[in-house]
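Novice: return a 3D structure for these sequence lines:
(chains A and B)
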Protein chains: 2
Amino acid sequence: MRCQRCTETAAVEIRRHHTAFCNAHFIEFFDRQVQRAIDDEHMFTRDDRVLVAVSGGKDSLALWDVLRRLAYPVTGLYINLGIGEYSEESYRKTAAYAEAHGAALLVADIPGEYGMSVEEFARATRRVSCSACGLSKRYLFNRVAVEHGFTVVATGHNLDDEAAVLFGNLLHWQVEYLARQSPVLPSTHPRLARKVKPLYRIAEREAAAYAIISGIDYIVEECPNSIGAKSLLYKEALNLLEQATPGTKQGLYWGFLERGRPLVEAQDTAVLRDCIHCGQPTTSEVCAFCRMTERAAERMRVRRAGAAAAVAQTSAPAETGAPLAVVPPVGE
Amino acid sequence: MRCQRCTETAAVEIRRHHTAFCNAHFIEFFDRQVQRAIDDEHMFTRDDRVLVAVSGGKDSLALWDVLRRLAYPVTGLYINLGIGEYSEESYRKTAAYAEAHGAALLVADIPGEYGMSVEEFARATRRVSCSACGLSKRYLFNRVAVEHGFTVVATGHNLDDEAAVLFGNLLHWQVEYLARQSPVLPSTHPRLARKVKPLYRIAEREAAAYAIISGIDYIVEECPNSIGAKSLLYKEALNLLEQATPGTKQGLYWGFLERGRPLVEAQDTAVLRDCIHCGQPTTSEVCAFCRMTERAAERMRVRRAGAAAAVAQTSAPAETGAPLAVVPPVGE
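Specialist: As a prediction, this is how the structure comes out:
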C-alpha cells in the first residue's frame, strides 16, 4: 500500500479514513487532526498557559510532543501516584523525555504530600483503586494548574478512550456524566482551569504510531490496577465492531457530540462553591478529594494508635489542606 | 444448583436476577415477567383483539403460547416472505403449533399477493434484504391488523433484540429512531394499530428455554439473509459484556426507557397521513411499502418487456394497492 500523499510505501493505514501514510505524512496527518481539534473546539491559543498531564504513556507523551512542535507554550505535569515499580518506570520515561527535549516539567508527589499512595487511599476508604486514582488526578491537575497560573489543563485522552467512556455512560445511562462528556470543559469557577482533550480525533493505535515514529520511549505496560477494569472490556467490545466496520468509534463519539450531547447538556446542573478545607471548586461543602484524604488519614491514625498501644510508638498523621509542594525537576 | 422456589434441581439459571428455577417455576417466572410487561406498560387488556406476529421462531411462538395460556384473545399472523426453504420450514412450524393447540392463525402471502419475494423486492430496489423484509413485515402487520379489526399487534422482540437495536441506534446516534424505540408504540392514526413487545423483559435464552420446556417445536436456523447482519454483531458485542457483568443488556435498555427516552422522545415529530395508493398511514404522499413494490413491479415490467421482445411473450405485472388477501388456514 502506498502513502496517499507521496509514492513512499505506507507505514500507517487509517481504515476509518480509507487512507494510509508514510511516516512523514502520518505525522503531518496527526498534526492536522490535533490542530483541528484545538481550533474547532476553541481549546486554547498560543496566549494560554497550558499544563499537559503526562503519565509516561504513549498518549500523554505524544500530546506533549505534538503541542511543543506546534509551538504552544506547554509545561508537563507528572503526578507520582505511588503505584510501586509502575510509577517509578512511568516517571523515568517522563523525566527522560523532558530532559532529552528540554521540556518544562512539574512533579506532584502524592505519597510525599499526603503520606499515602492512591492505592492506600482506595483501601482506607473502600473505593476501587481506579476511582481513588482518578479522583486524585483530576484534583491535582486542577489544583497545580490554578496554583501555578495555568488557564488550561490538557490530557491525552484519545478517541478510543472517549468512545469507551461514552459507551460505559450509555450502558448505565448516567445522564449527568453524559452531560459533562466533551473535548472541552469550560472554566465555570475562578479556581477551575479549562479541561481539554486535543487527541479526541486520534485513535489509540495512531497515538502509539506517533510515539514510535517520533522515537518517544513510553511505558508500554498498563497500570497493574487496571486489570479487569470495565473500560478495557468496553474497548474490547468496541474493537470487535471497529474491526468489522472501521469508523464505528468515531461515529459513536462524534455522533454523540453532534446529536446526543445537545439533548443531555441541560442535565448538568452542578453549582460550584469553594471547598471549606482546600478552597478548590466543589459541589459540596468539603470536596471529594479532601473527604477521601481525611477519611484515609483518620483510618491510618486509628491503625497507628492501635499499633502504638502495642509498641508504645506514635506517628504523625498526614495533614490535608496544606499548600501543595510541586517540584520542577527539569526545564522550568 | 437448586430452584429458588422449591427443592428441585434448577433447570434454568438467570444470572442477571441472581436466581435459578426448576422447569415449572421457570414457566411461572416467565409468565410473571410477561404479565408485568403487559400491565406496567398498559399494552392491552382482555378486551383488546391482539394479533401476534408469528415467524415460527422461538420468540414469537413462545409469545403466542404464553399469551394464550394467560387467557388473552390472540390470533397468530404468519407472513410468507418467500425466502425459499427457510420460509417453508418456518410456515410448517407455525402451522403445526396452530393445529396442535387449536390456535387461530391468519396467513399473508407476499409472493402470492405481490408476485415477488422480499428478496426480489430488495434486488429490484437495490435495498439490503433485511431492509425490504422489515419494511414489508411492518406494513403487513399493521394492514392485516387494521383490515381484520385487531387493535394491537404484538411481536416477539426480546430483551436481547431491543438492546441490540438500541445499541445500533446509539452507535449512529439516530435520534429519531431512538425517539420511537419503546415496548409500546401507541396508535396515533385511525388506521394504525398499537404495537407492543411483551417479551422486552425476557432474555433470548429464556425465550428459548420457555419454548423447549413447553415442548414447542420452533425453527432453529436464522434467516439465511441475516448472515453478516449488523444486529448479530451488536448482539455479540453485548454478549461479551453480559458474560462479564450479567444484567448489562437490561441496564442498557431499561436505563434508556427510564432516563434516556424522556430526553429524546420530543424528537419524534412524524405527522401521519393516508397513503394515496393503499390508504395506510405514512409520513409521505405514497408509503414506503407502495413505493418499494411499485418500483419493483416497474423493474419487473421492464425486464419482462425485454424478455417479451425476445420471445414475443407478455406477462401481467404485479398490481399494488389491491385489497389484501389473507388466508385463515386453521383455527379462525
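
Novice: per-residue pLDDT of A:Pro183, please?
Specialist: pLDDT, A:Pro183: 98.

Novice: equivalent analysis for A:Ala305, please.
Specialist: pLDDT, A:Ala305: 76.

Novice: reduced to three states, what does it come out as?
Specialist: helix (DSSP: H, G, I helix; E, B strand; the rest coil).

Novice: OK, contacts around whatever residue of the stretch 201-332 of chain A ends up closest to chain B?
Specialist: Here the residue of the stretch 201-332 of chain A nearest chain B is A:Gly255; by CB to the nearest CB that distance is 3.3 Å. Using the backbone N, CA and C atoms, a C-beta is placed for each residue, glycine as well. Taking CB atoms under 8 Å, 6 or more residues apart in numbering or on different chains as the criterion, A:Gly255 is in contact with B:Leu171, B:His172, B:Trp173.

Novice: and with 10 Å instead?
Specialist: A:Gly255 is in contact with A:Leu166, A:Arg261, B:Leu170, B:Leu171, B:His172, B:Trp173, B:Gln174, B:Val175, counting by CB atoms under 10 Å, 6 or more residues apart in numbering or on different chains.

Novice: now tabulate these in JSON lines and tack on neighbour count, distance to B:Glu8 and pLDDT.
Specialist: Shown next, in JSON lines, are these (neighbours: other CB atoms under 10 Å in any protein chain shown; distance: CB to CB, whole Å; pLDDT from 0 to 100):
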{"residue": "A:Leu166", "neighbour count": "24", "distance to B:Glu8": "44", "pLDDT": "98"}
{"residue": "A:Arg261", "neighbour count": "17", "distance to B:Glu8": "51", "pLDDT": "95"}
{"residue": "B:Leu170", "neighbour count": "24", "distance to B:Glu8": "41", "pLDDT": "98"}
{"residue": "B:Leu171", "neighbour count": "23", "distance to B:Glu8": "42", "pLDDT": "98"}
{"residue": "B:His172", "neighbour count": "16", "distance to B:Glu8": "46", "pLDDT": "97"}
{"residue": "B:Trp173", "neighbour count": "20", "distance to B:Glu8": "47", "pLDDT": "97"}
{"residue": "B:Gln174", "neighbour count": "15", "distance to B:Glu8": "46", "pLDDT": "95"}
{"residue": "B:Val175", "neighbour count": "19", "distance to B:Glu8": "48", "pLDDT": "94"}
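
Novice: mind putting those residues into a markdown table with distance to B:His148 and secondary structure?
Specialist: Shown next, in a markdown table, are the contacts of A:Gly255 (distance: CB to CB, whole Å; DSSP: H, G, I helix; E, B strand; the rest coil):
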| residue | distance to B:His148 | secondary structure |
| --- | --- | --- |
| A:Leu166 | 45 | helix |
| A:Arg261 | 45 | helix |
| B:Leu170 | 36 | helix |
| B:Leu171 | 37 | helix |
| B:His172 | 36 | coil |
| B:Trp173 | 38 | coil |
| B:Gln174 | 32 | coil |
| B:Val175 | 34 | helix |
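
Novice: closest to B:Met300 among those?
Specialist: Closest to B:Met300 out of the contacts of A:Gly255 is B:Gln174 (31.9 Å), distances taken as CB to CB.

Novice: ok, now how distant is the closest one from B:Leu252?
Specialist: Going from B:Gln174 to B:Leu252 by CB to CB, to the nearest Å gives 16 Å.

Novice: cool, A:Arg138 as well?
Specialist: Taking CB to CB, one finds A:Arg138 at 26 Å from B:Leu252.

Novice: which residue does the stretch 51-200 of chain A have closest to chain B?
Specialist: A:Trp173 (3.3 Å).

Novice: list phi and psi for that residue.
Specialist: Backbone torsions of A:Trp173, given as degrees, to the nearest 10, read phi 50, psi 50.

Novice: which residues touch it?
Specialist: Contact analysis of A:Trp173 by CB under 10 Å, 6+ apart lists B:Gly251, B:Leu252, B:Tyr253, B:Trp254, B:Gly255, B:Phe256, B:Leu257, B:Glu258, B:Arg259, B:Gly260, B:Arg261, B:Leu263.

Novice: please redo it, this time with the cut-off set to 6 Å
Specialist: By CB atoms under 6 Å, 6 or more residues apart in numbering or on different chains, A:Trp173 lies in contact with B:Gly255, B:Phe256, B:Arg259, B:Gly260.

Novice: would you reformat those as TSV and include distance to A:Glu206 and pLDDT?
Specialist: Shown next, in TSV, are the contacts of A:Trp173 (distance: CB to CB, whole Å; pLDDT from 0 to 100):
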residue	distance to A:Glu206	pLDDT
B:Gly255	32	97
B:Phe256	32	98
B:Arg259	34	95
B:Gly260	31	96
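
Novice: returning to what we had before: more crowded one of A:Arg138 and B:Leu252?
Specialist: Set A:Arg138 next to B:Leu252 and count neighbours by other CB atoms under 10 Å in any protein chain shown: B:Leu252 wins out with 25 against 16.

Novice: could you look up the SS state of the more buried one?
Specialist: When classified by three-state DSSP, B:Leu252 comes out as helix.

Novice: could you check the pLDDT of the spatially most central residue of chain A?
Specialist: Geometric centre of chain A, nearest residue: A:Thr155, 4.4 Å, by CA atoms, centre = their mean. What the model reports for A:Thr155 is a pLDDT of 98.

Novice: over to A:Val311?
Specialist: A:Val311 is assigned a predicted lDDT (pLDDT) of 54.

Novice: quick check: A:Lys235 touching A:Val165?
Specialist: No. With contacts counted by CB atoms under 6 Å, A:Lys235 stays clear of A:Val165, the gap being 10.1 Å.

Novice: where does chain A have low pLDDT?
Specialist: A:307-323, A:328-332 (pLDDT under 70).

Novice: which parts of it are strands?
Specialist: With DSSP state E as the criterion, chain A has strands at A:12-14, A:19-21, A:50-53, A:74-80, A:105-109, A:152-154, A:184-185, A:194-196, A:273-274, A:281-282, A:326-330.

Novice: for B:Thr19, which of these is the nearest?
Specialist: Among those, the nearest to B:Thr19 by CB to CB is strand A:281-282 (41.1 Å).

Novice: identify the neighbouring strands of the closest one in the sheet and state each direction.
Specialist: Partners of strand A:281-282 in the sheet, by DSSP bridges, are strand A:273-274 (antiparallel).

Novice: just give the nearest non-adjacent residue to A:Asn142, would you?
Specialist: Leaving aside its chain neighbours, A:Asn142 sits nearest to A:Ala193 (5.5 Å; criterion: CB to CB, 6 or more residues apart in numbering or on different chains).

Novice: and that neighbour, how many neighbours?
Specialist: Residues near A:Ala193, counting by other CB under 10 Å, number 25.

Novice: ok, it - contacts?
Specialist: Per CB under 6 Å, 6+ apart, neighbours of A:Ala193: A:Asn142, A:Ala145, A:Val146, A:Val153.
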